[in-house]
Structures are given as structure tokens and as C-alpha cells.
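Trainee: Pasted the sequence and its predicted model underneath.
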Amino acid sequence: MSAFWMVLLSVTAGTVISSVLACLPGLHIYNVMGALVLGILALEGTAHAVPADVYLPAFTGMVVGWSMLNTIPAVLLGTPDESAMFTVLPGQKYLMAGRGFEGTMITAVGGLAGAFFLVCVMAPLAPRYLPVSQQVLKGHMHWVLWVIITFMLMSEWPKGGNRGPAGWAKFYDAWKTLLAGLATFVLAGLLGFILLTRSPVNHEVAFQNIMPAFVGLFAIPWCLLNMISAAGVPPQRIAKSLEINGDVILRSVWSGGLGGGIAAYFPVVTGGVGGMLAGHATAQRDERIFIMGQGVSKFIYYVGAFMLMFVPGLNLTRGGGAWMVKALYTPMGVADYYLVLGSIAIAAGLSYLMMEPLTKLTLKFIDRFNYRHVSTFALGIILIMVYAVTGWVGLFIATVATGIGLLPVLFGSRRLNCLGILLLPIACNMSGFGETITGWLGLT
Amino acid sequence: MTVNKEALPGHETQSSEMNCPSCGRFVGAVTKCPYCGAKVEKRMSLVAIRWAAVLLATVGLFLLFLMAKHRDIPVVKLADVKPTMNFAQIRVEGVADSDARTFRSGGGMGFNFSDGTGTIMVFISQKQAQEMVARNLVPKAGDQVSFAGGLNISDDRSSMRLLSVDEFQVVRAPAAALRLADVTTDLKGSSITVEGKVMDLFPPPANSKRPYALKLKDDSGEQTLNFWQAEYDQIANKDVLVGAYVRARVSVAAYQDKLQLKLASGQDLEILDGPPAAAAYASPAQKAAATYRQQAAPAPAPRDFSRGRSVASTSLSVSAVTAAMKGQTVRVRGRVESVKAPQEGTKQPFAVILSDGGAKLRATYWSNADAVIAVKPTPGALFEMEGVVDVYQDRPQLQVESGYKVKLVDDTPASTPAVDVSKAVRVSSITAAALGQTRTVQGTLGAPRALRGGVTYALTDDTGTIDLVLWESIIPVEVLDALEEGAKVAATGEVKEYEGKLQLTAASGHSAMVIP
């Protein structure tokens, strides 16, 4: 079989598999890729060794398919990962108005626009400008991270304390959410220090040692909230058209591309943080632009970060997908770059086409089963997956993280503060005093 | 048994939990009906759930912290390391394959570690490196080490990052005491102890990435110890190093078949009070001779404390020295064209002609100065000399007063430039078909881009641009120093491909030169 057909088949298979898996709540494609990496390594040196021309396009397709279709469980089942959590509130608003299909499809159009932006705009410029910018910025990453953290914490405003007599009660009312936000950030940061310095997860599966915490911080609280307070989902309408136009798409690409680009390029900054920064920077008010922009941002965050590894002359590893592939393969030259860009384009088109039938299928599922039961089912899958990969220790970590993840939900503060789990320890480490803090904690 | 009753008239809009489910009367916030005694179910307060979450988060985090703190880090053999262990914290036990080396950027350290089943590079942060230096824990080749670190696994290069200095254990490998003449490349990779007198110390030239070179001499011979600025800064009483007797623990290495003695830490160099006592390696006869020399030897020559203080640190080219500078103390750098020793029985000085391009300068010094010159000037070698400018027959000459001020900079003779401009081809003619072949090009240099251990210039001619890569390890310093942005140069090298782009890697030696 020629290399062309091999690549085409691989990327198609990767995209289809990840598109279907993306509909399962709580299952991150990086978990699946991790299992595949293990399999590929086991076959190395045997007669059935998997060539790079097969697994590179397949992994690219998986990242693309998942970044496009994980909107379905995030919006319709309420189980977002941290990069999709901004999509959930406006998305669920659409769901409650019987327009869940429209909400997910608008996000998918954002993903498709993000693919065009990445392949047609970013990719030609990246080999020329990114190595230069990397040279300039690499010594400045630590303070950039601190600026982002400062902005994230300071841009949360009081949500109470407007009425009533002056005094401690009013003060507490005003500061309650802010304090909860700060507490969430600090507690998540401490959890991050523990997991990054002396993780209790078995060293044999250390590449997944953050996964239980992420699941606990983001996915489980949402499931619990749905189970406690879920209202019935109204009948859903399948729209023949979307309430968008070229202007909406362009403005979405502008805001989402900026957010996703920041998240993909800067270490530790995730899609959620990038989306927040871009939202403030571009000040787009239209809800459609917001939803579609999040689709663009999420796509560029996941796929762009993966692509950076293959940019000639850059050699930048960002995101879990790239780190896993790095264990298998070191990109060489422009041929690999073209391979990945081609795979991204094919996979983006294919996954968009799969979006519509899979959304309809999920809506039928929701229509048939009680939403509370659906959330319970999602929670069950999540817990089984955490146990399967990391065992009882992982479940314990997920439980602790759930406690932290519930704080912003119950106190009404920003869930983004949960990202302190990575931002705080990594920023401290990059600034050179992470070891001092772990020393104070007695971890080193 | 409770029976649901409808709310009494007037109470219909109230929440059901306000009314008794048994008798239907309004009961308010109480959980037991005061009229019929029935139990009244209340919704759980959100505030309670909130604080339950806070409790779960803090108590759970504390328990997790205790678990992590008291958990033993598993000991793992490098052969058992799998990609799924990426980011794992593991403990390894084995031997340091190399001396820990201080990185010039960032201040961290690194060394190669082996446990018999595999080898891995270990990175140490700047703060940890400082602490290890202070505690004398810096590993050297052959030392037994045990430590915990975080794994970073990739397809081409895996590494570990040291977790904690407190958990770093080192058992020093015994270092054999050897005479300098007995040190050969056969000892490569081992740590040894040498003693002797410091004949001279050569700092690296300005803007160069070369190490310090310390000339050490004992009864048997002479060797050069190399170390970097970081190690130099660690040496105690380094101002009195030249002329002093020292003991140093060094590792033996070889580079391009030449023996190298590397000082891994400034703490490994100890200044002795006097000439070292006859060591265990010496034979009885040598011991006796050493004792005799110790008694009979004249006092060591007074040390030169003025080094680097009396004149500006930068050296002048030969052509820059003029008769108008008469009386000034200057430092001059040039290639030795000829060396004329005084004829026996005369009181003439040594005369060395330094040249630089077309310019020449005569430098003179007396026999007593020659006696302390560590490396004698030889034709072709690049030397730096410091002295007072004098004028003889209207031409400037340099009177060198101290042999310590005569230093070798580069012993590679300047050969005829290896670049034959007549063979230059157009840049556009270099295609992938020329990969691995040698080509000569000429053109104008663009802005330099620093590499680890080298520099790249974009070389442009009328037909195109190609990256010219020059590695410091194979290109002489003076060649690198002569190149700058905008200079027109000719260069010879091998056509290679990197990241999909063709580039010309300059050949070893004088393979690039500025052309008019």
C-alpha cells in the first residue's frame, strides 16, 4: 500500500474512533492515546511493529476529532473538561431553550473555522516566525505566567454586598465569592505541588498522574450538580440552518484564534485561560460569537499545540498529546510537517461531518433517558476510567479534587481558579522558588 | 405513618416543607410538628453542602499531603523505565559516569548517570547546584550516587531532574595520586589526583567560549587543567594561584585524541603551603631527590600579582601599536613569525616578531623572563604579550618585562586559508543533490544566530541565501572573531540538511575568511 493511502486510512480511522469516543462523558482522548502508545511500544521490534506513517496521522486525527466533538458531552451532558467549561453555560442555555443541536453545531462551525485558520494562516507563518518568537520569549515565560495568574484572580469581581446595612455581614457577602475563588486557587495549587513533586499515583502510570485531579476538579462536580439539581431537558428541535453569518465567523476566529493561540503556545496555559484572556482582549459581546469563539479556541488549543511539535526549527512540545507522541517519535523536517497539516485538514472536515449525526444521536439518548440518570451514567463511566488507569489512589485524588472543584460551583466563583493545580506550581518552578515551597511543605 | 394532607386554606403558596405533611398545619422551620408530632422533612441547606465541600477539600488535601510525604519513592532500574513512567518520581542507585558540569547558561548542572542497566542524563537546578557545592556533594566520575528524581522521557533523549539535594547521597570514588607524566588517555573517564606548581593561568579570550587553562608542572612533566568560569569562581585564594603549589582532583578525558584534565569544581583545587611532599607514587630514589630539591631549591619566584590590573583587559592588534605610544604598557596579540634566541655568551635579549596581517612588531625579553614562560613562543602560534612600548629606529617595539606576560592563545599555526575562492559556486546551485559534498561559496553575512557551541550566519549572494554554520570546537577563535554581519566572506564546508533546509557546515580549521 502506498504511503498516501496508508496515511489517509490512518487519519480516517483515528478521526472516526475519536469522534465516537468523544461522545462518552469524562473520557479524554489522551487516555486512549496513552493506551495506544503502550501498545505501539509493545509491538516495537516485532514483525507487527506500527510504522510512524500509521500512528502519526492516526494520533493527529484523534486529537482533531476529539477537540471538535467533545462539545457534545460538554454541552448536552454537562461534563466539560477545563477547555470546554466556558462553552457549557451558554451551551446549556441553548439546551434549555430546546436548541441544544444548534448550540453544538455553532461550536463545531467554530472548530471548522479554527481548522481553516490553523492550516491556511498559522501553518505557513509558523516555521518562519515561531522559532524567532520562541527565542525571544523563552526567558520570559515565568513572569508572563504570573501576569496571567494575577489577571485571572483580579478580574473576578464581587457578586454581592450591594444592599443592606454596612458591616461585616455586607463585607462577607461581597467577599464571599472572591475568597472562595482565592481558596480554590490556593488549594488546587497545593494539590498540584503534591502531584507534581511526590505523586501518590503508581510510578508505572505516572504519565496520567494529573488525570484524576482534572477529572475531580472539572467533570465530577458538574455531574454531581446535574444529579442534585437537574431540571428536565425540554424537547429538542433539530434546526436546518444556523443563526450565524460571515461576520460572526470572522469575529469568532479573531477572538478564539487569539485565545487558543495563547493557550497552545504558552506552557501550562490551557484553553479555558486562553479563552478568558481573549474574551477580555477582544471584548466580543454577541453570545453566538462567544460560543463559536470557544469552538475555535478549543480546536486551536488542542490541535495547534500538537502541531507545534512538528513546526520545522521550533521543536516545542506543548500539550499531553505531543508529550505522548514524543515518547515514540522525534519529528524531522518539513515532510512530517506537511503530513500533520494534511492530516489536520482531512480530520477536521471528517469530524465536522460526523458532528451532526452524533449530536442527533446523543439528543435522542437524552430524550429517552432522564437527564439525572444520564449524569449518573456519565459519573459512573468517569469513576470506572479513573479506577482502571490509576486505581484506588486515583479515586482518592479525584475525591479530594472534587471537594476543591465544588467550591466555585457552590460559592459562585470562577471555576477557572481550579487551574491553580498547574499554574501555581509551574509558575513557582519557572521562577526558581518552587523547590523552596516544596521544601517548606516537607515534600523535598 | 404519615399521610399527606393538602395545605390549609391560605397556606397553598407556601413551600411544602413549611406545612406538616400529616396534619397540613403551618409548622415553619421546626422539624417536628407541634400539633401532631409528625416528622417534617426539610430540604438540605446549600450552606451545609458548601461547608461540606470545604471540609472535604481541606481534610482530603491534608491526608493526601501526609500520604505523599511519607510515601517511599520506588527504586527503579533504568532498564525498567517505560514511556508510561514519564513524569514519575523514582529513586536510582549507581555510578556517576561523568563529572557534574556547570551549564554556562542558567547556572544549573548536569551529569551522566549509569546504574549498570542503562545511562541517563541528570539535570540539577541552579539552586540545587549551589547547595551541592556548599555541601561538597557535586558528583564526579566514578562516584557512587543515590538520589530521587523526576523522569522526562522522550523518543530521542530521556533525562531526570533531581528532586531534592537532601536525598542525594554520594560515596566518593578513590582517586589515585599520579605524576603528570603518568597520566595518559588510557585513564579516560577516571578521577585522579595530581600535584604540582602552577606555571600559568590562561583566562579565556574575551567573547570566547573557551575554558580556563591552568599549566601545572611537577617533577615528571607538565599538563594543562581545564575548567570554566563557574569553577574558577569557586577556587579559594585564586589571586595567588600562579606560582603556587597545588593539589587537584581532576577527571581524565580526551578530545580529538588529545589528553584533557578537567577540574569539575573549584573546591577540588587546594593551594598547598609549599612544594608537595614526595607522594606515595614516588620511588625511594625519587623521594630522596624530592627531599633534596625541597631543601636546596631556591625560593619560588615571586608571584605576579599585577596580572590583569595594570593594563586594559582587551588586547591590541599588532598594527595598533605605534611609536606615539612610547612608554605605555599595552597587551598585544599576534602570530609569532620568528623567535630569535640570544647567542651563547652574549647578553642579547630574546626577540620575537609578532605579525598580524601585514603589520609586524618586535617584542624582546631577557633570559630570566624566558625562564618562566610556561609555553615558549613558536612560529605560527597565536600569542599575547604585555609590555612597555619603546621606539627603536623610529619603529615601535615591545619590551616584555615578565615571562608571565607571555601567553599562548592558540597553538594552531595559521595556515594558508583553506578557502580557495576560485572554487566558489553560486548559492542557488547548491541543491539536495549536493548533500554530503564539499562546496565553497562567497557572499555577505546576515545577522548571527547563536547556537549551543557555535554560530550561524545567513550567507547571501546574488542568487540566494544559505545558512553557514560554524562550530567553535573546530573553527579557530580568530576566524570566528573576524566574522560579523555585513562582512563579505568565502567559506568552504559540507552541505547538510537541518529541519528541511540546506546549510553549509564550515570545515574544520580556517575554512571561512573575510574577503575584500
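Mentor: Okay, I see it.
Trainee: Now for chain B, the helix or strand with the poorest mean pLDDT.
Mentor: helix B:284-296 (a mean of 44; mean pLDDT, DSSP states H and E).
Trainee: How many residues are close by the closest residue to chain A within the stretch 151-300 of chain B?
Mentor: Nearest residue of the stretch 151-300 of chain B to chain A (C-beta to the nearest C-beta) works out as B:Ser164 at 3.8 Å. Glycine gets a C-beta too; all of them are placed from N, C-alpha and C. Residue crowding around B:Ser164 was assessed by other C-beta atoms under 10 Å in any protein chain shown; the count is 20.
Trainee: Ok, the one 4 residues further on next?
Mentor: Residue crowding around B:Phe168 was assessed by other C-beta under 10 Å; the count is 22.
Trainee: That one and B:Phe87: what is the separation?
Mentor: To B:Phe87, B:Phe168 is 20 Å away according to C-beta to C-beta, to the nearest Å.
Trainee: Equivalent analysis for B:Leu201, please.
Mentor: Distance of B:Leu201 to B:Phe87, given as C-beta to C-beta: 44 Å.
Trainee: if I pick the nearest residue to B:Ser191 once chain neighbours are set aside, what's in contact with it?
Mentor: Distances taken as C-beta to C-beta, 6 or more residues apart in numbering or on different chains place B:Ala175 nearest to B:Ser191, at 4.4 Å, with adjacent residues excluded. By C-beta atoms under 8 Å, 6 or more residues apart in numbering or on different chains, the residues touching B:Ala175 are B:Ser191, B:Ile192, B:Thr193, B:Arg249.
Trainee: Also B:Thr117?
Mentor: B:Lys77, B:Leu78, B:Ala79, B:Asp80.
Trainee: So it, which state does it fall into?
Mentor: What DSSP: H, G, I helix; E, B strand; the rest coil gives for B:Thr117 is coil.
Trainee: try the one 5 residues further on
Mentor: Secondary structure, three-state DSSP: B:Val122 is strand.
Trainee: number of nearby residues for it?
Mentor: By other C-beta under 10 Å, neighbour count at B:Val122 equals 22.
Trainee: Contacts only, for it.
Mentor: Contacts of B:Val122 were listed using C-beta under 8 Å, 6+ apart, and they are B:Gly110, B:Phe111, B:Asn112, B:Phe113, B:Phe147, B:Gly149, B:Ser159, B:Met160, B:Arg161, B:Leu162.
Trainee: Between which two of the residues you listed is the distance greatest?
Mentor: Greatest spatial distance in those: B:Asn112 and B:Arg161, 14.4 Å, computed using C-beta to C-beta.
Trainee: closest point of the stretch 201-350 of chain A to chain B, which residue?
Mentor: Counting by C-beta to the nearest C-beta, the stretch 201-350 of chain A gets nearest chain B through A:Ala206, at 3.2 Å.
Trainee: which is the next helix or strand following the worst-scoring helix or strand of chain A on mean pLDDT?
Mentor: With mean pLDDT, DSSP H and E as the measure, the helix or strand of chain A carrying the lowest mean pLDDT is helix A:85-96 (a mean of 68). The first helix or strand that comes after helix A:85-96 along the chain, using DSSP states H and E, is helix A:100-116.
Trainee: so how far is that following helix from its chain's centroid?
Mentor: Once both centres are worked out by C-alpha atoms, centre = their mean, to the nearest Å, helix A:100-116 turns out to sit 16 Å from its chain's centre.
Trainee: Over the helix or strand just after it, what's the mean pLDDT, rounded is fine.
Mentor: On the C-terminal side of helix A:100-116, the nearest following helix or strand under DSSP H and E is helix A:123-137. Mean pLDDT, computed over helix A:123-137, is 88.
Trainee: try stretch A:423-436
Mentor: Regarding stretch A:423-436, the rounded mean pLDDT is 88.
Trainee: Low-confidence bits of the stretch 251-400 of chain A, can you list those?
Mentor: In the prediction, the stretch 251-400 of chain A carries no residues with pLDDT under 70.
Trainee: Which parts of it are helices?
Mentor: Taking DSSP state H, counting those that start in this stretch as the test, the helices found in the stretch 251-400 of chain A are A:271-282, A:287-299, A:305-308, A:319-326, A:333-368, A:371-411.
Trainee: for the longest one, packing partners?
Mentor: When you say that, I think you mean helix A:371-411. The contact analysis (3 or more C-beta pairs under 8 Å, 6 or more residues apart in numbering or on different chains; DSSP states H and E) places helix A:371-411 against helix A:29-43, helix A:168-198, helix A:211-214, helix A:220-229, helix B:46-70.
Trainee: Report the closest residue of the stretch 351-500 of chain B relative to chain A.
Mentor: For the stretch 351-500 of chain B, C-beta to the nearest C-beta, closest residue to chain A: B:Gly500, 3.6 Å.
Trainee: related to what we said a few turns ago, quick one, what contacts the nearest residue to the residue of the stretch 201-350 of chain A closest to chain B once chain neighbours are set aside?
Mentor: In this structure, A:Ala206 finds its nearest non-sequential neighbour in B:Ala88, 3.2 Å apart by C-beta to C-beta, 6+ apart. By C-beta under 8 Å, 6+ apart, the contact set of B:Ala88 is A:Ser199, A:His203, A:Glu204, A:Ala206, A:Phe207, A:Asn209, B:Val76, B:Gly150, B:Leu151.
Trainee: Put together CSV for those, with distance to B:Ala254 on each row.
Mentor: Listed next are these as CSV, based on distance: C-beta to C-beta, whole Å:
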residue, distance to B:Ala254
A:Ser199, 42
A:His203, 38
A:Glu204, 40
A:Ala206, 38
A:Phe207, 39
A:Asn209, 42
B:Val76, 32
B:Gly150, 33
B:Leu151, 31
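Trainee: Could you give me the PyMOL syntax to select whichever of those are buried?
Mentor: Buried members of the contacts of B:Ala88, defined by 16 or more other C-beta atoms under 10 Å in any protein chain shown, are picked up in PyMOL with:
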select buried, (chain A and resi 199+203+206+207+209) or (chain B and resi 76+150+151)
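Trainee: Okay, and which of the contacts of B:Ala88 map to strands?
Mentor: Counting by DSSP state E, those place B:Gly150, B:Leu151 in strands.
Trainee: ok, so of the contacts of B:Ala88, who is nearest A:Tyr338?
Mentor: Nearest to A:Tyr338, judged by C-beta to C-beta, of the contacts of B:Ala88 is A:Phe207 at 28.5 Å.
Trainee: Now the residue lying closest to the closest one once chain neighbours are set aside. Its backbone dihedrals?
Mentor: The shortest distance from A:Phe207 to any non-neighbouring residue, by C-beta to C-beta, 6+ apart, is to B:Asn86 (4.3 Å). When read as degrees, to the nearest 10, the backbone of B:Asn86 gives phi -50, psi 130.
Trainee: does B:Asn86 really touch A:Val205, like I thought?
Mentor: No - contact criterion C-beta atoms under 8 Å: B:Asn86 and A:Val205 do not qualify, at 9.9 Å.
Trainee: Between the two, which is the more surrounded one?
Mentor: Legend: neighbour count by other C-beta under 10 Å for B:Asn86 and A:Val205, higher for B:Asn86 (24 against 20).
Trainee: Return the per-residue confidence for that one.
Mentor: B:Asn86 carries a pLDDT value of 83.
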